[in-house]
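# The amino acid sequence is not available; the structure is as follows:
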């Protein structure tokens, strides 16, 4: 805009100068005597040259003005395109920010729900751990050895733990699954027990699930019956049942054919 206004002012000044020069020439020609014709011709020639030069300047100024106008218009178009592109990017950014805020609000809400659920799950897993810990104290020896690595991971009540909720649930589930499998099986085990006469000897124990067990010595003379209670397993001598228990173990090992065998059962 400054360039255009300056060009217009130059053109106006040039035209005014030509008009003033022409007027002076005519006044000079009318005021001089006829014998000064040569001087008047020279003056006219100079005036015409000035006029031609002025017109040439005006033409060049018009041409420069037209070119400058075209350049300015091109620049304005480019600037306008940049402004439009910037506005589009601003709108896209505002839309992205709105989406991000909405997603953030959803995540915050989900996080609060997860925190509440986590608090409830902590209370549940603590109860399960406490009950599982009491169950571990009553497990048969072979089963207790199997789940020892899981039971050792059960945190003490009110104690801090670095285990995650999922790991704590996995420990409980692992112990319960192993106990459930053991309860559906008859499991033989080699152990050391105190006999009726007070001596200790290596015996073959036979666990029928989680609630009943028997043992017999290698010579088949001493035997006992085991039951589980609140304080763990208790064993009582049952030498009279030694032959039946020994026969049951032989059948289980495949040394004798299957047969019906009566065994003593004690329920606490």
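Now that the structure is in, tell me what you want to look at. If you're wondering where the values come from, they're calculated on a predicted model, not measured in any experiment.
# show me what contacts residue 200?
192-194 (Cβ atoms under 8 Å, 6 or more residues apart in numbering). C-beta coordinates here come from the backbone N, C-alpha and C atoms, glycine included.
# Dihedrals phi and psi, it?
phi -100, psi 140 (degrees, to the nearest 10).
# Nearest to residue 226 among the contacts of residue 200?
Comparing these against residue 226 with Cβ to Cβ places residue 193 closest, at 8.7 Å.
# Give me the residues contacting stretch 136-147.
For stretch 136-147, with Cβ under 8 Å, 6+ apart as the criterion, the contacting residues are 151, 154, 174-175, 178-179, 182, 187, 189, 191, 205, 207, 210, 213, 228-233.
# So which of the residues you listed are in strands?
187, 189, 191, 205, 207, 213, 228-229, 232-233 (DSSP state E).
# Using ChimeraX, make a named selection holding only the buried ones among the contacts of stretch 136-147.
Only the buried entries of the contacts of stretch 136-147 go into this ChimeraX selection, using 16 or more other Cβ atoms under 10 Å:
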select :151,154,174,175,178,179,182,187,189,191,205,207,210,213,228
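# What subset of the contacts of residue 200 is buried?
Using 16+ other Cβ under 10 Å, the buried ones in the contacts of residue 200 are residue 193.
# tell me, how many neighbours does residue 262 end up with?
8 (other Cβ atoms under 10 Å).
# Contact partners for it?
Counted by Cβ under 8 Å, 6+ apart, residue 262 has contacts residue 244.
# Tell me which helix or strand comes right after the one helix or strand residue 64 maps to.
In this assignment (DSSP states H and E), residue 64 forms part of helix 37-136. Downstream of helix 37-136, the next assigned helix or strand under DSSP H and E is helix 141-146.
# Surely residue 257 forms part of a helix?
No. Residue 257 is assigned coil when assessed by DSSP: H, G, I helix; E, B strand; the rest coil, not a helix.
# so who does residue 214 touch?
205-206, 208, 223-226, 238, 241, 245, 248, 263 are the contacts of residue 214 under Cβ under 8 Å, 6+ apart.
# Correction: the previous question concerned residue 249.
Counting by Cβ under 8 Å, 6+ apart, residue 249 has contacts 188, 204, 206, 216.
# Tell me which residue is most central in the protein.
Centroid-nearest residue in the chain: residue 107, 10.8 Å away (criterion: Cα atoms, centre = their mean).
# Distance-wise, check it relative to residue 95.
19 Å (Cβ to Cβ, to the nearest Å).
# do the same with residue 151
Counting by Cβ to Cβ - residue 151 and residue 95 are separated by 56 Å.
# Residue 174 is in contact with residue 150, correct?
Yes. Between residue 150 and residue 174 there is a contact under Cβ atoms under 8 Å: 4.7 Å.
# okay, now residue 264: neighbour count?
14.
# ok, it - contacts?
225, 238, 241.
# Residue 117 too?
Here residue 117 is in contact with no residues (criterion: Cβ under 8 Å, 6+ apart).
# tell me the pLDDT at it?
For residue 117, the model assigns a pLDDT of 73.
# now residue 103
89.
# for the stretch 101-250 of the chain, which spans come out with low pLDDT?
Of all residues in the stretch 101-250 of the chain, none has pLDDT under 70.
# Now do the same for residue 226: helix, strand or coil?
Going by three-state DSSP, the state assigned to residue 226 is strand.
# since we're on it, how many residues are nearby?
Neighbours of residue 226 (other Cβ under 10 Å): 23.
# That one contacts residue 210, correct?
No. The criterion here is Cβ under 8 Å, and residue 226 misses it with residue 210 at 11.1 Å.
# I am finished for the moment; much appreciated.
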